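Colleague: 3D, please:
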Amino acid sequence: MMISTRTPLRVTLGGGGTDLHSYYRHAGGFIFAMALDKYIHVHCHRPVFDRRVVVNGADLEAADLQAHPLVRAALRRHDIVDRFEIASLADIAGGTGLGSSSCFLVGLLHALHALRGEHPGPAALAEEACEIEVNAAADGIGKQDQYMAAFGGLTTLEIASDGSVSAERVVLDEDVEATFLRQTHIYYTGLRRDAAIVLAEQNTAMADEDSGRHHEVQDSLDFIRDLGYRILAAWRRGDAEAWGALLDEHWQQKKRLSSRISWPKVDALYEHVKREYRVSGGKVIGAGGGGFLMLFCPGDGSALEAYMHEQGLPRLNYRVDRTGSRLVSPAEV
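Modeller: Here you go, the predicted structure:
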């Protein structure tokens, strides 16, 4: 029997960084994010007789999946020690700031439950992924990626100080949403990075209240959380101009969190497109340090797109995924 899942990647629109335990345990966090119609596809199969564990074509010992810690943790949680094959395919490579690791894990857990005839809701699926990735794996990452992968859509996440999460779908007028998506460009920088490394400075500063940067980082995250509510309000009232300005505010604050978030080439590019191509705001998506660059450009944006193409930064065409992680039939694979 084979089970296949399709789970969306995500883009954070507001509140990024406030979903980490080192921050939300103080005053709670807030995330406003968007699931993309770009996916991690996971295919799982339990052979009848073969006792092997096969991950993307490689035979491995179930007790020693050192190169695949998320797979190992998920299989152990579901008491699988042999007779298991898994293959994964990604529309966009990992390490690019779109939450791919959590997306993969949610898709894998979804498939494992389906193999047992179970159908957990998105909240249960997301929380199970969080327990594995945040607690067991101890990667110092946050909770938004797992919830966005499970829920999809344009979604807000209210994260209480105890880590409990309340997810709410944001519904916009179709024309308003289309305008925001058309004018919010996403470009691929060609760089990849480890989110845990980029987030290390922020986590270290937040964990040590006596450190010299603790209050600076906390103040920046307080600002980013409150800014997230303002960004949500701008989207809800269809104020695209305000969204661009708020995106710029967010980026300036985000760069205060860590020296690894941006780099001189991107900073210079950002300032150039603001001067020459009417860009009013932008940021590196995700933890920073590589991946995708989001730019808000009113109008048709064709001149900006042509310029970015000349710089070797192709534009990502995207829409909003509405369903979150879901099982797919063989005909859809």
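Colleague: buried set for the helix or strand residue 245 falls within?
Modeller: Secondary structure from DSSP states H and E places residue 245 in helix 240-254. For helix 240-254, the neighbour count (16 or more other Cβ atoms under 10 Å) marks 240, 242-244, 246-251, 253-254 as buried. For glycine as for every other residue, the C-beta is placed from the backbone atoms N, C-alpha and C.
Colleague: outside of it, which residues touch it?
Modeller: Contact with helix 240-254 is made by 14, 16-17, 179-180, 183-184, 220, 223-224, 227, 230-231, 234-235, 261, 270, 279-284, 288, 294, 296, 298, as judged by Cβ atoms under 8 Å, 6 or more residues apart in numbering.
Colleague: can you give me the mean pLDDT across that helix?
Modeller: Helix 240-254 shows a mean pLDDT of 91.
Colleague: try stretch 148-161
Modeller: Rounded mean pLDDT across stretch 148-161 is 98.
Colleague: What residues sit buried inside it?
Modeller: Buried residues in stretch 148-161, counting neighbours by 16+ other Cβ under 10 Å, are found at 148-157, 159.
Colleague: and the end-to-end length of that stretch?
Modeller: Chord length of stretch 148-161, first to last residue, is 19 Å (Cα to Cα, to the nearest Å).
Colleague: show me the contacts for the residue nearest the centre of the chain.
Modeller: For the chain, the residue nearest the mean C-alpha position is residue 99 (3.1 Å; Cα atoms, centre = their mean). Applying Cβ under 8 Å, 6+ apart, one finds that residue 99 lies in contact with 9-10, 144-145, 148-149, 286.
Colleague: And residue 107, by the same measure?
Modeller: 5-7, 40-42, 88, 149, 325.
Colleague: can you redo those residues as CSV with distance to residue 23?
Modeller: Shown next, in CSV, are the contacts of residue 107 (distance: Cβ to Cβ, whole Å):
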residue, distance to residue 23
5, 30
6, 31
7, 26
40, 26
41, 32
42, 30
88, 30
149, 21
325, 26
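Colleague: These in strands, which ones?
Modeller: 5-7, 40-42, 88 (DSSP state E).
Colleague: Out of these, which comes closest to residue 106?
Modeller: residue 7 (5.3 Å; Cβ to Cβ).
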